[in-house]
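In: After the sequence you'll find the predicted model.
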Amino acid sequence: MMKPKHWLSSLLTVALVSTSASAEDWSMWGGTPNRNMMSPETGIPADFTPGHLKDGSEEIDLSTTENVKWVAKLGSQAYGNPTIAGGKVFIGTNNESPRNEKHIGDRGNIYCLDEKTGEFLWQLVVPKLGAGKVSDWEYLGICSSPTIDVEKGVGYVVTNRCEVVCFDIDGLSDGNDGPFKDEGQYMAGPGNPPMEISPTDADIIWTYDMRDELGVFPHNIASSSTLLIDGKLFVTTSNGQDWSHINIPAPFAPTLIVLDPDTGELIGEEASEISQHLYHCNWSSPSYGVIGGKPQAIFGAGDGFCYGFDLNPVEDDEGFLVLKELWKYDCNPPHYKMKDGQPIRYPAPEGPNEIIGTPVVYKDKVYVAIGQDPEHGEGVGVLQCIDATKRGDITTSGKVWSYEGIRRTISTVSIMNGLVFAADYSGVIHCLDAETGELYWKHDTLSHIWGSTIAVDGKVYVGNEDGVLTILAADKTHKVLKEIEFDAPVYSTPVVANGVLYIGTQTHLYAIAD
């Protein structure tokens with residue numbers, strides 16, 4: 001039977017939660033639209049040996065591993081977190097270990113691998129903007145996690161070129177489907193002769209260029225993971241400052257937009273004037289929850305506020321389709337903004353922050369912490385618990401609790417059995433009561449943490465910049481179960497799918513199972 005494709009989707013019933021992978025897949029950043037970094041799976045290994053490279057090779061010698069199913073070579077810098085759906089693994093990286101000799105040089109890549117074997121199937125290859133560190137940092141590759149819709153056979157990803165790309169999860173191996181037919185020109189880049197396409201290249205269905213269509217100015221790199229919900233695709237635009245770190249070239253560009261997932265047509269945008277007040281950039285991925293019976297899109301913004309938006313855009317006075325703001329909450333305490341009657345200037349270590357981690361929805365509340373670009377170093381942070389049943393500016397009325405014991409963070413929290421597990425950039429894991437914010441314990445991993453925790457099978461897993469994976473008991477007692485060292489830094493987040501634990505280092509992806 002021919003699989004349904006997205007351009008036939010108007011014939012399909014649209015479900016509220018529209019991704020349709022099996023319950024064991026990890027088809028999007030956070031696993032589910034509420035982005036809680038936890039998994040209900042059991043039997044996940046807490047002890048394994050990642051092994052070592054073969055002499056003179058970038059390949060891991062599997063004979064030196066234990067409880068490792070397979071290892072796939074990535075580029076030289078991999079910040080993207082894997083998603084697993086439909087028997088495939090999708091992960092972002094750069095092109096420093098070319099999979100095809102026709103694709104040489106600095107590019108952004110999404111690899112599609114076979115879930116059972118790790119075999120390379122196909123790749124999306126994205127030329128760089130040529131803007132350097134200002135808008136498309138050299139060799140960063142694609143940092144976003146793809147979102148996969150197995151029923152429609154498509155995925156969505158934000159590329160290093162500040163585009164949203166919808167792709168066929170089978171690549172070009174089953175033909176060039178969809179309305180987009182210029183894959184050869186796309187891979188070659190503007191002004192270059194088109195490349196010959198092959199079955200190991202991506203089949204692009206549509207693209208939406210946020211720079212051309214919205215005037216967005218991405219700072220450093222465009223990065224966020226899309227939210228597919230209620231037949232709509234919510235996307236963070238990565239609009240930010242220019243090289244001066246003073247000017248905002250596009251102060252009226254939206255930071256959050258809504259696209260038709262079947263066509264890529266713009267069908268809504270935020271109108272809360274976030275870009276006029278941002279500190280640096282917008283990289284936080286949107287999340288979703290039904291809070292107090294009301295479906296909402298939740299967005300941690302570059303102005304340090306967390307927002308709740310109605311899912312359905314409405315026409316404003318000028319005829320634009322905009323997202324109705326339900327509430328907003330200033331995540332920066334007043335004493336992070338002012339001292340002795342004077343404003344504390346961003347990015348001072350004692351001053352205000354934006355939101356980079358993703359808000360998590362759990363039992364009618366939103367959990368989100370503030371932080372800054374790791375390039376800015378360490379500084380003060382705060383983890384907020386918000387009652388999102390309120391409306392308007394709920395900075396006071398919506399505060400359930402806040403925890404200032406955490407430092408700056410770019411991580412997303414895990415919540416399991418009423419406990420919040422939160423990592424900060426300084427390398428410390430914090431365990432708190434989800435209802436009260438009471439601190440139960442802290443653990444210092446002694447190195448910076450870029451990724452997030454995952455809570456699964458009674459344990460908490462997190463990697464750090466030294467390449468150490470720390471495994472802790474997911475309860476009120478501070479208990480380190482294991483520390484496992486990899487040969488490269490771990491910048492991404494461990495994820496679990498179909499009984500397998502995936503750990504991405506800067507250079508390799510490990511599939512771990514007993």
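Out: The structure has been received and is ready for your questions.
In: Count the neighbours of the nearest residue to residue 49 once chain neighbours are set aside for me.
Out: In space, and not counting its chain neighbours, residue 49 is closest to residue 66: 3.9 Å by CB to CB, 6 or more residues apart in numbering. In this view, the C-beta of every residue, glycine as well, is placed from N, C-alpha and C. Using other CB atoms under 10 Å, residue 66 has 13 other residues around it.
In: Same question for residue 448.
Out: So residue 448, with other CB under 10 Å, has 19 neighbours.
In: what does the model give it for pLDDT?
Out: What the model reports for residue 448 is a pLDDT of 98.
In: same question, residue 243
Out: pLDDT at residue 243 comes out at 88.
In: quick check, it in a helix?
Out: No - secondary structure of residue 243 (DSSP: H, G, I helix; E, B strand; the rest coil): coil, not part of a helix.
In: quick one: it from residue 348, how far?
Out: 20 Å (CB to CB, to the nearest Å).
In: do residue 338 as well
Out: Residue 338 is 12 Å from residue 348, by CB to CB.
In: again, but for residue 378
Out: Counting by CB to CB, the gap from residue 378 to residue 348 is 12 Å.
In: What are the neighbouring residues in contact with the residue most central in space within the chain?
Out: By CA atoms, centre = their mean, the chain has its centre lying nearest to residue 225, at 4.3 Å. By CB atoms under 8 Å, 6 or more residues apart in numbering, the residues touching residue 225 are 28-30, 81, 144-147, 158, 285, 358.
In: who are the neighbours of the helix or strand bottoming out on mean pLDDT in the chain, in terms of helices and strands?
Out: Using mean pLDDT, DSSP states H and E, strand 52-53 stands out as the lowest-scoring helix or strand of the chain, at a mean of 94. Helices and strands touching strand 52-53, by 3 or more CB pairs under 8 Å, 6 or more residues apart in numbering; DSSP states H and E, are strand 60-61.
In: packing partners for the strand it packs on?
Out: Secondary elements touching strand 60-61 (3+ CB pairs under 8 Å, 6+ apart): strand 52-53.
In: Pull whichever helix or strand residue 108 is part of out as CSV, backbone CA atoms only.
Out: Taking DSSP states H and E as the criterion, the element that holds residue 108 is strand 107-114. Taking C-alpha atoms only, strand 107-114 is exported to CSV below (Å, rounded to 0.1, in the frame of the first residue of the first chain):
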residue,chain,number,x,y,z
ARG,A,107,27.7,22.4,5.2
GLY,A,108,24.9,21.8,7.6
ASN,A,109,23.7,18.1,7.5
ILE,A,110,20.8,16.0,8.7
TYR,A,111,21.7,12.3,8.6
CYS,A,112,19.0,9.7,8.3
LEU,A,113,20.2,6.3,9.7
ASP,A,114,18.6,2.9,10.0
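In: now the following helix or strand past it against strand 107-114, angle please.
Out: Proceeding N to C from strand 107-114, the next assigned helix or strand is strand 120-127, under DSSP H and E. Put simply, strand 120-127 runs at 160 degrees to strand 107-114, going by axes from the mean of the first three to the mean of the last three CA atoms, to 10 degrees.
In: got the contact list for strand 120-127?
Out: Outside strand 120-127, the residues touching it (CB under 8 Å, 6+ apart) are 72, 88, 95, 99-100, 103, 107-114, 142, 157, 159-161, 163, 165, 167, 170-173, 187-190, 199-202, 204.
In: Residue 209 against residue 162, yeah?
Out: Yes - the criterion here is CB atoms under 8 Å, and residue 209 meets it with residue 162 at 7.1 Å.
In: Same drill for these two, tell me which one is more crowded.
Out: Neighbours per residue, other CB under 10 Å: of residue 209 and residue 162, the larger number sits with residue 162, 25 against 15.
In: Next up, the contacts around the more buried one.
Out: By CB under 8 Å, 6+ apart, the neighbours of residue 162 are 129, 135-136, 209-211, 216, 218, 222, 237-238.
In: which one is it nearest to, not counting chain neighbours?
Out: Closest to residue 162 by CB to CB, 6+ apart is residue 222, at 3.9 Å.
In: same question, residue 178
Out: Residue 178's closest residue in space is residue 205 (CB to CB, 6+ apart), at 3.6 Å.
In: do you know how far the closest residue to residue 229 other than its chain neighbours is from residue 295?
Out: Among residues not flanking residue 229 along the chain, residue 288 sits closest, at 4.9 Å (CB to CB, 6+ apart). Distance of residue 288 to residue 295, given as CB to CB: 7 Å.
In: which neighbours do those two share?
Out: residue 229.
In: Between these two, point out the one with more neighbours.
Out: Set residue 288 next to residue 295 and count neighbours by other CB under 10 Å: residue 288 wins out with 24 against 16.
In: My read is that that one contacts residue 308, right?
Out: No - the criterion here is CB under 8 Å, and residue 288 misses it with residue 308 at 10.3 Å.
In: anything in contact with each of the two?
Out: 296-298.
In: Return the distance of whatever helix or strand residue 361 lives in from the chain's centre.
Out: Element membership of residue 361, judged by DSSP H and E, is strand 360-362. Strand 360-362 sits 15 Å away from the centroid of its parent chain (CA atoms, centre = their mean, to the nearest Å).
In: Mind checking what helix or strand follows that strand in sequence?
Out: Past strand 360-362, the next helix or strand by DSSP H and E is strand 365-369.
In: so what does that following strand touch, helix or strand wise?
Out: strand 287-291, strand 305-310, strand 360-362, strand 383-387.
In: Save these as a markdown table, and put in distance to residue 489 and mean pLDDT too.
Out: Converted to a markdown table, the helices and strands packed on strand 365-369 look like this (distance: least, CB to CB, whole Å; pLDDT from 0 to 100):
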| stretch | distance to residue 489 | mean pLDDT |
| --- | --- | --- |
| strand 287-291 | 27 | 98 |
| strand 305-310 | 29 | 98 |
| strand 360-362 | 25 | 98 |
| strand 383-387 | 24 | 98 |
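In: and of the ones you listed, who's closest to residue 451?
Out: strand 360-362 (14.8 Å; CB to CB).
In: where does the residue nearest to residue 162 fall, helix, sheet strand or coil?
Out: Classified using three-state DSSP, residue 222 is coil.
In: swap in residue 395?
Out: coil.
In: What confidence value was assigned to the residue lying closest to it once chain neighbours are set aside?
Out: Leaving aside its chain neighbours, residue 395 sits nearest to residue 330 (4.4 Å; criterion: CB to CB, 6+ apart). In this model, residue 330 is scored at 98, pLDDT.
In: Who are the contact partners of residue 330?
Out: 304-305, 393, 395.
In: quick one: it from residue 459, how far?
Out: Taking CB to CB, one finds residue 330 at 35 Å from residue 459.
In: Surely residue 213 is in a helix?
Out: Yes - judged by three-state DSSP, residue 213 forms part of a helix.
In: List the buried residues of stretch 352-372.
Out: With burial defined by 16 or more other CB atoms under 10 Å, the residues of stretch 352-372 counted as buried are 352-362, 365-372.
In: Would you map the strands across the stretch 51-200 of the chain?
Out: Applying DSSP state E, counting those that start in this stretch to the stretch 51-200 of the chain gives strands spanning 52-53, 60-61, 68-73, 83-85, 88-94, 107-114, 120-127, 147-149, 154-158, 163-168.
In: and if you look at the stretch 401-514 of the chain?
Out: Using DSSP E, counting those that start in this stretch, the strands of the stretch 401-514 of the chain run over residues 414-416, 419-423, 428-433, 439-444, 454-456, 459-463, 468-473, 480-485, 495-497, 500-504, 508-512.
In: Give me the buried positions along the fourth one.
Out: This points to strand 439-444. Buried residues in strand 439-444 (16+ other CB under 10 Å): residue 443.
In: If residue 111 is in a bridge, with which residues?
Out: Taking DSSP bridges as the rule, residue 111 bridges to residue 91, residue 123.
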